[in-house]
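> only the shape, not the letters, is given here:
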């Protein structure tokens with residue numbers, strides 16, 4: 001089931017069932033969210049599985065000798081929750097196009113609960129990159145057709161992956177936006193501030209001063225130094241915020257414990273502690289080779305400007321100190337622009353089994369891409385940097 005006669009395409013029952021060295025040879029070390037450690041922690045903690053409606057079904061491409069050449073983290077989805085590039089309105093429209101058919105289940109190529117751009121078509125070194133990517137894309141399509149699933153959705157993928165899926169296969173292209181901070185050779189946070197306009201520089205200093213006026217101690221702790229009490233404390237902060245804002249949390253305490261154990265120093269937790277020793281707010285990040293990836297924030301109560309300090313400014317300071325090139329602060333938030341985060345396009349690719357439905361969606365996506373391009377150009381003009 002691939003373009004190469006000596007390659008075999010198939011699905012496994014889980015990432016955990018695949019040899020970690022084999023998987024990570026394909027995944028590489030740049031983005032920890034596609035690592036065997038991260039994806040298997042989701043499985044082993046029960047965050048993904050039948051109960052959550054994310055059924056692991058990683059796609060594998062093997063040589064005639066059984067060597068793993070390429071892979072994709074894919075899941076059979078029974079809903080559209082936890083994706084961050086949402087298709088609820090597509091599901092609704094699909095039911096109107098095909099009232100006797102169902103949009104679910106569908107096939108999702110993604111990192112569950114993580115709006116983090118990165119590779120989705122993972123190819124081992126020495127394997128022809130384009131050919132392997134196309135073989136994975138074709139295998140996913142054929143699986144949808146043979147199982148009569150509605151669609152394949154490859155979300156938060158690399159631009160080149162989305163473009164090859166769109167230009168050389170029958171996948172539709174979708175674009176969105178995120179906000180990333182870039183290290184332009186800064187030696188310190190003050191060095192970064194000096195690149196901003198005077199008004200924005202003064203505003204950030206005021207926000208940081210306010211965040212530090214609450215009598216809290218801020219600590220940055222790596223996963224291999226994180227105590228179980230600190231891990232539990234952060235989970236309670238995260239859980240409390242999820243229950244207050246979004247409903248049930250996607251991640252559980254076992255996941256964070258496994259993450260600390262398996263990813264060690266790549267897990268970066270920033271915690272705020274009050275004068276009585278209680279942890280009252282915090283955020284977790286993962287560190288890649290050149291990027292700090294910001295993820296979830298949690299708190300027990302509101303402290304003015306503390307969220308900006310912990311999630312944005314301390315992330316920038318950490319990246320500068322570690323010599324990292326970028327901070328990716330997750331989904332949404334035009335307010336990030338005035339704090340030095342720049343708007344950037346993010347990409348996804350979608351294959352829809354129904355040709356007539358695909359044509360209708362493509363018309364919508366064409367218009368949406370034009371709107372996104374215009375919005376990104378407009379937002380770029382709001383960046384706070386000098387000249």
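That came in fine, so what should we check first? Not measured: the values here are computed from a predicted model.
> residues near the closest residue to residue 303 other than its chain neighbours, how many?
Spatial nearest neighbour of residue 303, excluding adjacent residues (CB to CB, 6 or more residues apart in numbering): residue 214 at 4.9 Å. C-beta here means a position set from N, CA and C on the backbone, and glycine is covered the same way. Residue 214 has 16 neighbours, counted by other CB atoms under 10 Å.
> for residue 214, phi and psi?
With angles defined as degrees, to the nearest 10, residue 214 sits at phi -90, psi 0.
> that one contacts residue 310, doesn't it?
No: taking contacts as CB atoms under 8 Å, residue 214 lies outside contact range of residue 310: 11.7 Å.
> per-residue pLDDT, residue 245?
On pLDDT, residue 245 comes in at 77.
> over to residue 220?
Residue 220 carries a pLDDT value of 97.
> just residue 2 next, same as before
Per-residue pLDDT puts residue 2 at 45.
> cool, and residue 210?
The confidence metric pLDDT takes the value 98 at residue 210.
> surely it is in a strand?
No: counting by DSSP: H, G, I helix; E, B strand; the rest coil, residue 210 is not found in a strand; it is helix.
> residues near the residue nearest to it when sequence neighbours are not counted, how many?
Counting by CB to CB, 6+ apart, residue 210 lies nearest to residue 305, which is 4.2 Å off, once chain neighbours are set aside. Using other CB under 10 Å, residue 305 has 17 other residues around it.
> ok, residue 179 next?
So residue 179, with other CB under 10 Å, has 23 neighbours.
> which SSE is it in?
Assigned by DSSP states H and E, residue 179 falls within strand 172-182.
> can you check residue 269 too?
Per DSSP H and E: strand 267-273 holds residue 269.
> which other helices and strands does the next helix or strand along the chain from that strand contact?
Counting by DSSP H and E, the element after strand 267-273 in chain order, helix or strand, is strand 279-287. Judged by 3 or more CB pairs under 8 Å, 6 or more residues apart in numbering; DSSP states H and E, strand 279-287 is in contact with helix 228-245, strand 267-273, strand 291-299, helix 314-322.
> now the longest one: buried residues?
Buried residues in helix 228-245, counted by 16 or more other CB atoms under 10 Å: 230-231, 233-235, 237-239, 241-242.
> verify the stated contact: residue 163 with residue 175.
No: counting by CB under 8 Å, residue 163 sits too far from residue 175 to count as a contact (10.8 Å).
> least trustworthy helix or strand in the chain by mean pLDDT?
The least trusted helix or strand in the chain, going by mean pLDDT, DSSP states H and E, turns out to be strand 326-331, with a mean of 88.
> partner strands of the following helix or strand past it, parallel or antiparallel?
Downstream of strand 326-331, the next assigned helix or strand under DSSP H and E is strand 342-352. Each strand paired with strand 342-352, and its direction, by DSSP bridges: strand 151-157 (antiparallel), strand 172-182 (antiparallel).
> winner for burial among the ones you listed?
Most buried of the strands paired with strand 342-352 by mean neighbour count (mean count of other CB atoms under 10 Å) is strand 151-157; its value is a mean of 26.
> how about residues contacting stretch 359-375?
With contacts defined as CB atoms under 8 Å, 6 or more residues apart in numbering, stretch 359-375 is touched by 90, 93, 97, 172-177, 343, 345, 350, 352.
> between all of those residues, which two are separated the most?
Using CB to CB, the contacts of stretch 359-375 span at most 33.5 Å, a distance reached by 97 and 343.
> give me the pLDDT for residue 228.
For residue 228, the pLDDT comes out at 97.
> what's near enough to touch it?
Per CB under 8 Å, 6+ apart, neighbours of residue 228: residue 257.
> report the separation between it and residue 41.
From residue 228 across to residue 41, the span is 16 Å (CB to CB, to the nearest Å).
> which stretches of the stretch 51-200 of the chain form helices?
With DSSP state H, counting those that start in this stretch as the criterion, the stretch 51-200 of the chain has helices at 88-97, 129-147, 159-168, 189-193, 198-211.
> out of the ones you listed, which comes closest to residue 9?
Nearest to residue 9, of all these, is helix 129-147, at 3.5 Å by CB to CB.
> contacting residues for the spatially most central residue of the chain?
Centroid-nearest residue in the chain: residue 116, 1.9 Å away (criterion: CA atoms, centre = their mean). Neighbouring residues of residue 116 by CB under 8 Å, 6+ apart: 31, 33, 156, 293, 295, 328, 330.
> swap in residue 104?
Residue 104 is in contact with 77-79, 91, 150, counting by CB under 8 Å, 6+ apart.
> would you mind checking those for buried ones?
Listed as buried from these are 77, 91, 150; burial here means 16+ other CB under 10 Å.
> using the record's assignment, carve this protein into domains.
In terms of domains, the chain is parsed into 8-177+345-380, 184-324 (source: automatic domain parsing).
> the first one: end-to-end distance?
Looking back up the chat, that one is domain 8-177+345-380. Taking CA to CA, to the nearest Å as the measure, domain 8-177+345-380 stretches 45 Å from start to finish.
> and the most far-flung residue of the chain relative to its centre, backbone torsions?
Distance to the chain centre peaks in the chain at residue 276, reaching 35.0 Å (criterion: CA atoms, centre = their mean). Torsion angles at residue 276 (phi, psi; degrees, to the nearest 10) stand at phi -100, psi 10.
> quick one on the thing from earlier: how about the strands paired with strand 342-352 in a markdown table, adding distance to residue 134 and mean pLDDT?
Shown next, in a markdown table, are the strands paired with strand 342-352 (distance: least, CB to CB, whole Å; pLDDT from 0 to 100):
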| stretch | distance to residue 134 | mean pLDDT |
| --- | --- | --- |
| strand 151-157 | 13 | 98 |
| strand 172-182 | 16 | 97 |
